[in-house]
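Colleague: Build me a model:
(one chain, ligands or ions: 1)
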Amino acid sequence: MDRIAIEGGARLEGSIPISGAKNSALKLMAAALLTDQPLRLTNMPRLADTRFLGRLLQRLGTEVVEQDGADGAETVLHAPEIVSAFASYDLVRQMRASFNVLGPLLARTGHAKISLPGGCTIGARPVDLHLKALEALGARIDLHEGYVYAQAPRGLKGAVIDFPIVSVGATEHAMLAAVLAQGETVIKNAAREPEIGDLADCLNAMGAKVSGAGTDTIRITGVSRLNGATWSVIPDRIETGTFAVAAAMAGGEVRLTKTRTDFVQALLDKLVEAGAEVTPTDDGMIVKRSVKRLKAVDVTTEVYPGFATDLQAQFMALMTTAEGESVIRETIFENRFMHAPELMRLGADITVHGGEARVKGVPTLRGAQVMATDLRASVSLVIAGLVAEGETVVNRVYHLDRGFERLEEKLGACGAQIRRIKGAPEEE
Ligand code: EPZ
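Modeller: The predicted structure is shown next:
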């Protein structure tokens, strides 16, 4: 298994182009199941997760072609006919986003059999809200031996779906099913993440009638069929935020291009409060740290537009060397501090109680072998490695490859001393 080795101490100077958003691309790819015409997605990130979903979509009858276009990587997905409406345990277990094919399959074919995803390292992550939304749309849902059997032989019907809590995935799933339902659907207490807006806009380009995305009430008037379209994936706000934090951590000056400041405003406000400088540009921002040490600031994760849970680990890494004590509260997932003990291996001073972590800034971190059990936790260790004295080796790099495109290349181009060690045995 690959590892990443970082020699700490180099400041970052340069420019990093931000890729298309993983968490948008995955839902847009699922939307290809809703039409018999090709959906061409541009600004596609090339990641383990998008490749994995591509393989699942192929099994369901989708032709998936990856190509280089004028604006970088593209994927053309074409599902003239659904040949299978089945996703096995192995497929859904390896990547939860596979579960999102359920709604489109149901809307297009009237039936589907999909494995329940089960929990994962960051929390239990149930899918009850996804299933309730589909039931509200008239689907019959039965659970047997870990599988969801869904049926809607006479098609889905528009309904009011009122979510008790805000869920990104359930909101997207409801949208993916309701666009082909008969009549009007109203999704209340909808998630407002930028990926929801991207999905709505892409569905509308395919001929759907979705309004209100980006607010807490989404209205959808069902249509009988959707067309193909060409759609450009929005910039990845988590990759943007990760590199902004990396620049603030390592010091120096980094220009982030092909992205947007409004997607990460809550993070940028915290970076500025801590003492970093952020200057918006035409296509992104410049993040600079000229002070020797940042100040500790507190953060609480929230649904968008609040501070993203997917940036919490990176921010914790940043706070490990800030001056003072920072309180980091995680409110979205119940078990999302696994990076804390790994950061402590590098010399960080962190105490975790339930959903709250207290980080006392230390003057220096020291390189060590570390590993993490999820994507964002892994990248927080890379960020810490940028300043740790000596060498930090991050194991289980496959987590990083799921969601960060050419991470070591992008950081290396800005002067980070970072390299991939191919196929070395994993430290357990
Ligand atoms: C999406 O997960 C993202 N994943 C996550 O990114 C991200 O952390 C999360 O949204 C929050 O922003 C993808 O888009 C593929 P939720 P999702 O449903 O949709 C509970 C990454 O690193 N809940 O908004 O699964 C749930 O347990 C990943 O890229 C239910 O109780 O998140 C959680 O506590 C990690 N029942 C809360 O809602 C349900 O049916 C919010 O989860 C669904 C969710």
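Colleague: Count residues in the vicinity of the residue lying closest to Thr320 once chain neighbours are set aside, would you?
Modeller: Nearest non-adjacent residue to Thr320, counting by C-beta to C-beta, 6 or more residues apart in numbering: Ala348, 3.9 Å away. (Each C-beta comes from the backbone N, C-alpha and C, glycine too.) Residues lying near Ala348 (other C-beta atoms under 10 Å) number 23.
Colleague: any idea how far Ala348 is from Ala322?
Modeller: Distance of Ala348 to Ala322, given as C-beta to C-beta, to the nearest Å: 11 Å.
Colleague: Need the overlap of contacts for those two.
Modeller: By C-beta atoms under 8 Å, 6 or more residues apart in numbering, Ala348 and Ala322 have these common neighbours: Val359.
Colleague: got the contact list for Ala124?
Modeller: For Ala124, the contact set (C-beta under 8 Å, 6+ apart) comprises Glu334.
Colleague: which residues does Lys113 contact?
Modeller: Ala85, Phe86, Ala87, Tyr147, Val148, Tyr149, Ala150.
Colleague: Got phi/psi on it?
Modeller: phi -130, psi 110 (degrees, to the nearest 10).
Colleague: what about the nearest residue to it once chain neighbours are set aside, how many residues close to it?
Modeller: In this structure, Lys113 finds its nearest non-sequential neighbour in Phe86, 4.9 Å apart by C-beta to C-beta, 6+ apart. Residues lying near Phe86 (other C-beta under 10 Å) number 16.
Colleague: Please look at Phe86 and His111 and confirm they touch.
Modeller: No: at 9.8 Å, Phe86 does not count as touching His111 under the criterion of C-beta atoms under 8 Å.
Colleague: Give me the common contacts of these two.
Modeller: Common contact partners of Phe86 and His111 (C-beta under 8 Å, 6+ apart): none.
Colleague: Give me the most central residue, this structure.
Modeller: Asn23 (4.1 Å; C-alpha atoms, centre = their mean).
Colleague: Just the element for it, please.
Modeller: Using DSSP states H and E, Asn23 sits within helix 22-31.
Colleague: what does the helix or strand immediately after that helix in the chain contact?
Modeller: Per DSSP H and E, the first helix or strand lying C-terminal to helix 22-31 is strand 39-42. For strand 39-42, contacts defined as C-beta under 8 Å, 6+ apart pick out 20, 25, 28-29, 31-32, 69, 71-78, 202, 206, 228-233.
Colleague: Quick check: residues of this structure near the ligand?
Modeller: When proximity is defined as C-beta under 6 Å from any ligand atom, the chain approaches the ligand at 23, 26, 97, 123, 125-130, 165, 167-170, 309-310, 332-333, 375-376, 403.
Colleague: Just the ones of these in helices?
Modeller: Among these, DSSP state H puts Asn23, Leu26, Asp128, Leu129, His130, Val168, Gly169, Ala170, Leu375, Arg376, Gly403 in helices.
Colleague: quick one: the helices in the stretch 101-250 of the chain?
Modeller: Under the criterion DSSP state H, counting those that start in this stretch, the stretch 101-250 of the chain contains helices at 102-109, 128-136, 168-178, 194-205, 237-250.
Colleague: What is the neighbour count of the residue in the stretch 151-300 of the chain that the ligand sits nearest to?
Modeller: Residue nearest to the ligand within the stretch 151-300 of the chain: Gly169 (2.6 Å; C-beta to the nearest ligand atom). Residues lying near Gly169 (other C-beta under 10 Å) number 21.
Colleague: ok, it - contacts?
Modeller: So Gly169 contacts Arg96, Ala97, Phe99, Asn100, Val127, His130 (C-beta under 8 Å, 6+ apart).
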